[in-house]
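Colleague: Next come a sequence and a model predicted from it.
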Amino acid sequence: AMRVPEWLDYAYRCHAGQYLWGFDTAGPSPTCRTCPPSGGLAGINGVLCEACGPLEEPYYTDRSSCVCRLPAVMNASGACECPAGFFFNVDAQGVAGCRRCERDTYSMEGGSTRCWPCGAGRTTGGTGATACDACAFGSFRVANTNASGCQNCSGRGQFAPDPASSVCAQCDQGGCALRKGWRWKQACPTSGSSNYSVCEPCPGGLPDNATWTSVRADPVRPERALEECAFDCLPGYYHADLTCVACNASRVCPAGRKFTGCSAWADSHCDVECSDPDRPLIYSHWVPGDSEASQIGCQWECDAGRSLVVSDYGVFVLRECL
């Protein structure tokens, strides 16, 4: 292409996709030629065939503009850059382009000139990744390793409790309920047998005033029965959700209501109204019930100034307060 003297007017420019070759000797009309189909040149300004950028190529129809060469994309500034998952690179032959990030590396933003390695315990599903994912439970990947992707432990019934470490652990056999204070987490990743399990400590640990047990069953609500993380409350305490609460040992019930002591699943409480067929119908009254052995249950006595008289008529016994 030839350079145009500065004194030439803009009117002497050629059409898009062409460049200025010379001038017609018969007049001022310019001689225009189409930019060549090779060499990455485009007739952008109608004067010169200009080279497209390293991530651009001439527009395929009339070569009048440069467009981003895939997989490059145009950014907000109008320049072409490599998208996320790729990086800009110039190979040994001097050819520039966007290269995919290799497995276990990633780039999360466009315009990157390198890919970042995944950390220990993380990997990518393949090449061209924009982020790293955690290794599946039971597998691992250590940092700065040549191994591609995450690995499983080699031994039967083993798993990696730490995805960043190659130290493997043995899965539990026979169920997690055998380990008091532990619960089932999931099946062993490297064994198809249901007899192998991965157990984990019960969340929150052992509640205060409790002991671990193998099975816990609520006699009132059977659906609350547990075989894992089961605990019994110590004497003097009862179950209240996931804690043990102290029983109210000094509760006094109103007269005419029965006192029931604390059980494993309920605090001491006052039941429904008392009923005793031996209580005289008149001149008697109920007395309050409390935790004292002599007062547990429905107790009654004759009114003040009256005494109990028992008459046995053979067929029945009559009790009166006289």
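Modeller: Here it is on my side, so go on.

Colleague: can we go C-alpha only for contacts and neighbour counts from here?
Modeller: OK.

Colleague: In space, what's closest to the most centrally placed residue in the chain - neighbours in sequence excluded?
Modeller: For the chain, Ala134 is the residue whose C-alpha lies nearest the centre (Cα atoms, centre = their mean; 11.4 Å). With sequence-adjacent residues excluded and distances taken as Cα to Cα, 6 or more residues apart in numbering, Ala134 is closest to Arg122, at 4.4 Å.

Colleague: Test my guess that that neighbour contacts Ala131.
Modeller: No: between Arg122 and Ala131 there is no contact under Cα atoms under 8 Å: 9.6 Å.

Colleague: neighbour-wise, which of these two wins?
Modeller: Arg122 (23 against 20; other Cα atoms under 10 Å).

Colleague: So the more buried one versus Cys132, what's the distance?
Modeller: 6 Å (Cα to Cα, to the nearest Å).

Colleague: lowest-confidence helix or strand of this structure?
Modeller: strand 18-23 (a mean of 75; mean pLDDT, DSSP states H and E).

Colleague: hey, what's in contact with both of Arg122 and Cys132?
Modeller: Contact with both Arg122 and Cys132 is made by residues Asp104, according to Cα atoms under 8 Å, 6 or more residues apart in numbering.

Colleague: quick revisit: residue contacts, the residue nearest to Ala134?
Modeller: Counting by Cα under 8 Å, 6+ apart, the residues that Arg122 touches are 104, 132-135, 141, 150, 163-164.

Colleague: and the residues you listed as TSV, adding distance to Thr243, pLDDT and secondary structure?
Modeller: What follows is those, written out as TSV (distance: Cα to Cα, whole Å; pLDDT from 0 to 100; DSSP: H, G, I helix; E, B strand; the rest coil):
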residue	distance to Thr243	pLDDT	secondary structure
Asp104	46	93	coil
Cys132	41	95	coil
Asp133	38	95	strand
Ala134	35	95	strand
Cys135	36	93	coil
Arg141	40	93	coil
Cys150	41	92	coil
Pro163	34	94	coil
Ala164	36	93	coil
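
Colleague: Narrow the residues you listed to just the buried residues.
Modeller: Among the contacts of Arg122, the ones that count as buried by 16 or more other Cα atoms under 10 Å are 104, 132, 134-135, 141, 150, 163-164.

Colleague: closest to Asn89 among these?
Modeller: Distance to Asn89 across these (Cα to Cα) is lowest for Asp104, with 18.4 Å.

Colleague: Spit out the contact partners of that closest one.
Modeller: Contacts of Asp104 by Cα under 8 Å, 6+ apart are 117-118, 122-124, 126-127, 132, 148-149.

Colleague: Highest neighbour count among those?
Modeller: So for the contacts of Asp104 (other Cα under 10 Å), the most neighbours sit at Thr123, 25 neighbours.

Colleague: Next, it: phi, psi?
Modeller: phi -160, psi 180 (degrees, to the nearest 10).

Colleague: what do you get for Cys199?
Modeller: phi -100, psi 160.

Colleague: returning to that earlier point: residues touching the residue nearest to the centre of the chain, list them.
Modeller: Ala134 neighbours (Cα under 8 Å, 6+ apart): 121-123, 163.

Colleague: which of those sit farthest apart?
Modeller: Thr123 and Pro163 (10.6 Å).

Colleague: Overlap in contacts, the two.
Modeller: 134-135, 141.

Colleague: and which of those residues is nearest to Leu178?
Modeller: Among those, and counting by Cα to Cα, the member closest to Leu178 is Cys135, at 29.1 Å.

Colleague: quick one: contacts for that closest one?
Modeller: 121-123, 141, 150, 163.

Colleague: Tell me which two in those residues are the farthest apart.
Modeller: Applying Cα to Cα across those, the maximum distance is between Thr123 and Pro163, 10.6 Å.

Colleague: shaky segments in the stretch 51-200 of the chain?
Modeller: Scanning the stretch 51-200 of the chain for pLDDT under 70 picks out the ranges 60-61, 191-194.

Colleague: so where do the helices sit in it?
Modeller: Ranges of helices within the stretch 51-200 of the chain: none, based on DSSP state H, counting those that start in this stretch.

Colleague: Just give the nearest non-adjacent residue to Ser64, would you?
Modeller: Using Cα to Cα, 6+ apart, the nearest residue to Ser64 is Gly17, at 3.9 Å.

Colleague: Burial check on the one you found, number of neighbours?
Modeller: For Gly17, using other Cα under 10 Å, the count is 26.

Colleague: pretty sure it contacts Gly43?
Modeller: Yes: counting by Cα under 8 Å, Gly17 does reach Gly43; the two are 4.0 Å apart.

Colleague: Need the residues touching each of those two.
Modeller: Joint contacts of Gly17 and Gly43 (Cα under 8 Å, 6+ apart) are 34-35, 63-65.

Colleague: Any buried residues in stretch 153-161, and which?
Modeller: 153, 157-161.
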